[in-house]
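Colleague: With the sequence up front, the predicted model follows.
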Amino acid sequence: MASHRSIARIPLHVFADLIVHQDGDLYSPSDLRDAICRKLLEAGRSVYLVTDQGIATVGQLMRMSPTALLRALDPLLTIDECHELMTRISQICTPKPKTAQVLYSQLKNQYIPLDVNGIDRCLRGGVRIGMLTEIVGQAGIGKTQMVMQLCVVAARMGYGSIYVDTERKLSLQRLYEIARERAKKSSHGRPSSVTSDTRWKYGQDGFDYSGIVNNDDGGSDQLYMDGSNHEYKSPLQVMNNITVHTPASTEELLAVVSRLDEEIVVRSDASTITRTANGQETQQMPVKLVILDSIAAPTRKDFGGGSAMERAAAIFQLAQTLKRVADEMQVAIVVINQIDAANHGDVDQTFDNDGSCVKAALGTSWYHCVSTRIALGRDLQSSLGNSHAIRTATIVKSNLAGEDQALFEVTVRGIDHVNE
Amino acid sequence: MLQSNVSDRKRKSSSTSYSSSSSSYAAAVKLSFLPLRPSTLSILTRRGFHTCSDVFASKTSGGISNFAAELDVDLMEATGIHREVESAVRTYYNCRRCISNNNNNNNNDNNLTDPSPQDGPVRNNGPLTAASILSLQYSSQSERLKSRPIITFAQAVDSLLGGGVQPKEVTEIVGSPGVGKTQLAMQLCVDAHLPIAFGGVDGDSIYIDTEGSFSPERCWDMAKALYDHLQGSVRRSGGKKQLPENFSVESILDSIHVFRVLDETSQNCTIQSLPDFIEKKKEMGRCVKLLVMDSIAFHYRVNASDKSRTKSLARIASMLADMAVKYDMAVVVINQMTMKLQGLLSGGGGEVGSGGGSSGGGGMEEESWMESRTNTTNTTTATTSSVLVPALGESWAHAMTTRLWLSFVSDSNPQRSRISGSGGSGDGKRRLCRLVKSPHKPEGTAVFTITKYGIRGDVSSPH
């Protein structure tokens, strides 16, 4: 990040031909850089400047005004030269611009679908790579099911995932089940793979599924899948490409998040074929999906009442880091949020759910930070038999899709589409 | 004593400076007012130089060697000091002609800063009347057309703003999450490229994206809709109007330059290096007519109790305003919302980043339309009232020229489960836009909708 770039390591061309107020070369560029660093360190400790530890990073330098820099560097540079120095440093720390056309043409395969017809249609494809998507809903509505399915579908597309589980809610059995059930469908009922999986899980005492033929009940909608027919990977491959982190506190969560980019780089390094502990061969897939389940829990726990400002700052810091990781590493980040009780007086930011008033946790500031919010709820208008099973997914905020709603239900295969 | 002398001389010289050569004009400045290096200043004052007239007179009378002798330094250093004083005076007065008589050979070399903005004529004929400034502003019809406001595509909003987003000033857009600030900004970027014959300014736009909310797909939707709309205009005009040669959906998207900044320093650096970028574009024949910052608040809210951010923000505000004037472009800044507690703290009030109050379970939120409501918290603290206000505080609010407040028109469908009211950029979703602060137009409201084609007017109600 540019903020922490050290001034001492700025390239020398920035300091070349900087001094013009006197003729003759008093300083070579590297001497000038050293002299400036020394002066800034001393000056930073004095009263009217930024910090008492001395100014050493570009971030601190850029916060100063040119006149403050003039005073700090006296007598090295005149005011014009201070302006010039700041301009030159800005130019090396400015990101390169891209035109909208370039960004648009790079958009192919920029989403991970859920493989649920209605929801993918609402999202115009799926969860976006490079952006922060939030899933919010009451307890037990299916948020974790949804993200587990996302991991499985990501694997189908050849992507690995990282699952950050702050509440110990991830059921590995369920994840395995989803992966297995989905692999069954597109593999047209190949019994052998099922058997080997069962054996992996239960050994010889597991139920023998061989011989069961599964009917293929109509192809899944290929609306948003790209042309190549990806098959669902075997559950083993899926599980081998998901890493799970379980931070216990907000500090640990921040630590995990700050190390995410490192992990992504290491795992995406080469799609190598590695051997797992069981001696199975599996392919290492690049990471394109990061799940954070959930964001509300640790902050709620750690920042009790009265420290709203610290909590807000922690949330913003988290949001900033997550967005940076999403953008630089080109991964989709999905965050699960919970809901709080609300006053009946609240007009907006509430949703009615069986009569009670609730709203998303973490407040307006967090809501500003997400690009897309998907709200899950029960379908109150459902007339399809068992109305408890039908749920709704509503896109309430998106910079790209209109507000839209789709129905789904939770099945053994994870999340499935329900026709309206 | 010295002060009154200075002001006397200033008054005297100011009346004559406009008509005559201006060595006396520049003479009035006390050296301590100038941005000189502290060591330079101490050398000069130690040797009895207190105003710049002393400095200039010393050189004019006996050349640089006289100056060097009086200062008791060598020739090279004396030249350097003289140059420094000169350029400081130049910056101070923003008037090159003032000191051209003093030192002709230093005017053209090494202008590291460009001191004079291009607006306003150089004063050499006495003070100008407002009428003459107004008529002088645009020398020709083509200039006037190029400096038009940028439309938003919703007629009601455009009339609210006096034609659209005005150039040469900073407009702030605030609103709750999901209300459509980014959508409006993207629409403006697309509209900035409208050809002049069709009501536009034919300009490029710069989009500084701090949150990653820029959506190329959405931009494409808007650009395509604009292109189709213009085709319709061409047809309706019976061929009298024609689209320019290279105008296409791709060229619209090509005119939007997106800078993705990931932290506060990149943000500061980007703003600092924009003048250079704009100049380069000018050399290539493209005028930048719009600068969007989406959003200004994000990176500043990471540090909870950062006092030095006010200074930093003030600098940014002034840089943006300067650029708007200098390059004759519209600057649009998007701001977030925050909860402000009232009653607990007097005067300025504290700002609470997220759900306000001191509740244990995640905060109370309410969207109040510019009035505060009493809001009891979960814990046993006293009743506090809180209101949703734009982030970044009062001093930032003062620095903005125009402020536009977007909000939802409440959805009257209680059956649907909804979070955040009727949020989302859906088809036909209505928004309310309120002009809160403007030097040109009165306060007012306008309704617009966000459709799949972009920002459009509200068809269900008469304008």
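Modeller: That came through fine. Residues are numbered from 1 along each chain as shown, chains lettered A, B, ... in the order given.

Colleague: Contact residues of the stretch 51-200 of chain A facing chain B?
Modeller: A:58-59, A:62-63, A:65-67, A:70-71, A:74-75, A:77-81, A:83-84, A:86-87, A:89-91, A:93-95, A:97-101, A:103-104, A:107, A:124, A:130-132, A:136 (Cβ under 8 Å from any Cβ of the partner chain). For glycine as for every other residue, the C-beta is placed from the backbone atoms N, C-alpha and C.

Colleague: Look up which residues are beta-bridged to A:Gln283.
Modeller: The partner list for A:Gln283 in beta bridges (DSSP bridges) reads A:Ile273.

Colleague: Below-threshold pLDDT in the chain: ranges please.
Modeller: You didn't pick a chain, so chain A it is. Scanning chain A for pLDDT under 70 picks out the ranges A:1-2, A:21-25, A:46-53, A:108-109, A:185-230, A:270-282, A:301-307, A:341-358, A:380-388, A:420.

Colleague: nope, chain B
Modeller: Using pLDDT under 70, chain B drops low at B:1-27, B:94-126, B:136-140, B:142, B:303-307, B:342-385, B:410-428, B:460-463.

Colleague: quick one, helices of it?
Modeller: B:2-17, B:23-27, B:38-46, B:52-71, B:75-93, B:130-136, B:141-146, B:155-161, B:181-191, B:216-236, B:249-254, B:264-283, B:309-326, B:393-399 (DSSP state H).

Colleague: Flag every buried residue along the helix or strand harbouring A:Ile178.
Modeller: Following DSSP states H and E, one finds A:Ile178 within helix A:172-186. Buried residues in helix A:172-186, counted by 16 or more other Cβ atoms under 10 Å in any protein chain shown: A:175-186.

Colleague: A:Ile19 versus the residue of chain B positioned farthest from its centre, what's the distance?
Modeller: Within chain B, the residue lying farthest from the chain centre (Cα atoms, centre = their mean) is B:Ala69, at 47.2 Å. To A:Ile19, B:Ala69 is 25 Å away according to Cβ to Cβ, to the nearest Å.

Colleague: how near is the closest residue to chain B within the stretch 301-420 of chain A to A:Cys369?
Modeller: With Cβ to the nearest Cβ, the shortest gap between the stretch 301-420 of chain A and chain B falls at A:Ala312, namely 2.4 Å. Between A:Ala312 and A:Cys369 the computed distance is 11 Å (Cβ to Cβ).

Colleague: you'd agree B:Tyr227 is up against B:Leu253?
Modeller: No. B:Tyr227 lies out of contact with B:Leu253 (Cβ atoms under 8 Å); the separation is 10.7 Å.

Colleague: between the two, who's got more neighbours?
Modeller: Neighbours per residue (other Cβ atoms under 10 Å in any protein chain shown) separate B:Tyr227 from B:Leu253, with B:Leu253 holding more: 24 against 18.

Colleague: Around chain A, pick out the residues from the stretch 101-250 of chain B.
Modeller: Applying Cβ under 8 Å from any Cβ, we find that the stretch 101-250 of chain B lies next to chain A at B:110, B:112-113, B:176-178, B:182-183, B:189, B:206-207, B:211-220, B:250.

Colleague: can you give me the strands in the stretch 151-300 of chain A?
Modeller: Using DSSP state E, counting those that start in this stretch, the strands found in the stretch 151-300 of chain A span residues A:160-165, A:242-245, A:273-275, A:281-283, A:287-293.

Colleague: would you turn those strands into JSON lines with mean neighbour count?
Modeller: As requested, the strands of the stretch 151-300 of chain A are arranged in JSON lines below (neighbours: other Cβ atoms under 10 Å in any protein chain shown):
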{"stretch": "strand A:160-165", "mean neighbour count": "23"}
{"stretch": "strand A:242-245", "mean neighbour count": "17"}
{"stretch": "strand A:273-275", "mean neighbour count": "9"}
{"stretch": "strand A:281-283", "mean neighbour count": "15"}
{"stretch": "strand A:287-293", "mean neighbour count": "24"}
